[in-house]
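*Asks:* model this:
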Amino acid sequence: MRVPRRRVVLCAFVSRRVLVVFLLCRFASCVWSQQSSYPNSNTGSNADASIVQQPQAVTPQAMSDDHSMGSIHGVVVSPDGSVYEGAQITLVETGPGSAPTKTIPSDSQGRFQFNNVPQGPFRLTVTSSGFATQVRSGILRAGENYDTQSIVLLISTASSDVRVTASQPEIAAEQLKMEEQQRVFGVLPNFYVAYAPDAPPLTSKQKFSLAWKSSIDPVTFVITGAFAGVEQANDTFSGYGQGTEGYAKRFGANYADNFIGTMIGSAILPSILKQDPRYFYKGTGTTHSRVLYAIANAVVCKGDNGHWQPNYSGYIGGLAAGGISNLYYPASDRDGVTLIFENLLIGTAEAAAQNLVQEFIVRKLTPKVPKYGPSNP
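*Replies:* As a prediction, the model looks like this:
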């Protein structure tokens, strides 16, 4: 009795998602077990911090009232939008009983961070040779991780202080550059996760750019080839036949599924419906609240207006990609629309599982993640 094509696709689709999640969890288990075998492994956890700053003395008052301390961080960029290393950032606390002035340089990623800063008003001064001095002022609340966002250096034309604020597209462009460097274990692409708190929305051009880079990433071709090999060995979609031609057809069908699904669900529809295709990492709160947040993000997404809304892009994109696949799968493996909707429900459950892995595991295994504060979902 011939198994309906959609049910075979379903099994293959679920298998590959389960396999990816299983591999991530196995890698995470290996990494944690190696770390736990060294009693003093936690003592060096700050050695990998990507932001360099001068040591700050801890006074008896700070030790007894740590909850009143906060931090201030941001990114310095040059006029062309690239990150700027070596700018001098000076922090002056302007409230009563202020601590001494502190000065640190921006690192190789243009980032800076001041820790153990008392609550109250403050002023940041950013200087670099050949550029106009930039000044930012604000009020730090108790325990707050204050994000100044991008500070753009301008070519010096006069000896004066200039207050500037980067536009949302400029900030999004800088953060997108960082997201495109995110790889689990430094290998597997992890582009569609925003770790920055209150990350600004992407423009349509940025959504298409992210979808394109994800689709042509070398790792995408390697994974596609591996799944095509498994299907070849199991004679999945027997209408394709065997040999080199059969493998090429299976590879093409797998890649087309991924490419069409990514372009429709993560670029075309999000641009039309003004929705953000990324998962916004929470990283704070109780375990229960984070679990509920991750599961909920399988059916809702953040709109470009900053409000949460049903994930229409994901729903319609999944249905459209499934329907288009009928054009290139063997005629003997084509079925009606029933299994397309079944696949959509199962895909939603898989998205919830992936979000849970993202929320609790993946960040620990992803190098080059900036030290942002918690998000505000």
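
*Asks:* drop to CA atoms for contacts and neighbour counts, all remaining ones
*Replies:* Will do.

*Asks:* so where's the stretch 201-350 of the chain uncertain?
*Replies:* 333-340, 342-343 (pLDDT under 70).

*Asks:* that one: strands as residue ranges?
*Replies:* Assigned by DSSP state E, counting those that start in this stretch, the stretch 201-350 of the chain shows strands spanning 279-280, 300-302, 308-310.

*Asks:* list the neighbouring strands of the shortest one plus their orientation.
*Replies:* For strand 279-280, sheet partners with direction are given as strand 193-194 (parallel), following DSSP bridges.

*Asks:* distance-wise, check the nearest residue to residue 181 once chain neighbours are set aside relative to residue 183.
*Replies:* With sequence-adjacent residues excluded and distances taken as CA to CA, 6 or more residues apart in numbering, residue 181 is closest to residue 368, at 6.9 Å. Distance of residue 368 to residue 183, given as CA to CA, to the nearest Å: 8 Å.

*Asks:* which of the strands of the stretch 201-350 of the chain sits most buried?
*Replies:* Of those, the one with the most neighbours on average (mean count of other CA atoms under 10 Å) is strand 279-280, at a mean of 22.

*Asks:* what helix or strand is residue 126 on?
*Replies:* Per DSSP states H and E: residue 126 is located in strand 120-127.

*Asks:* tell me the bridge partners for the residue positioned nearest the centre of the chain.
*Replies:* Nearest to the centroid of the C-alpha atoms of the chain, with distances taken as CA atoms, centre = their mean, sits residue 193, at 2.2 Å. Taking DSSP bridges, one obtains residue 279 as the residues bridged to residue 193.

*Asks:* state the distance from it to residue 151.
*Replies:* For residue 193, the distance to residue 151 equals 23 Å [CA to CA].

*Asks:* and for residue 255?
*Replies:* On the measure of CA to CA, residue 255 and residue 151 end up 40 Å apart.

*Asks:* neighbour-wise, which of those two wins?
*Replies:* For the pair residue 255 and residue 151, the greater number of neighbours falls to residue 151 (25 against 21), based on other CA atoms under 10 Å.

*Asks:* for that one, list each beta-bridge partner.
*Replies:* Under DSSP bridges, the beta-bridge partners of residue 151 are residue 76.

*Asks:* you'd agree residue 219 is up against residue 184?
*Replies:* No. At 11.5 Å, residue 219 and residue 184 do not qualify as touching, with contact defined as CA atoms under 8 Å.

*Asks:* more neighbours, the two?
*Replies:* residue 184 (19 against 14).

*Asks:* what's the closest residue in space to that one that isn't next to it in sequence sitting at in phi/psi?
*Replies:* Spatial nearest neighbour of residue 184, chain neighbours left out: residue 366 (4.4 Å); criterion: CA to CA, 6+ apart. Residue 366 adopts backbone torsions of phi -110, psi 110, taken as degrees, to the nearest 10.
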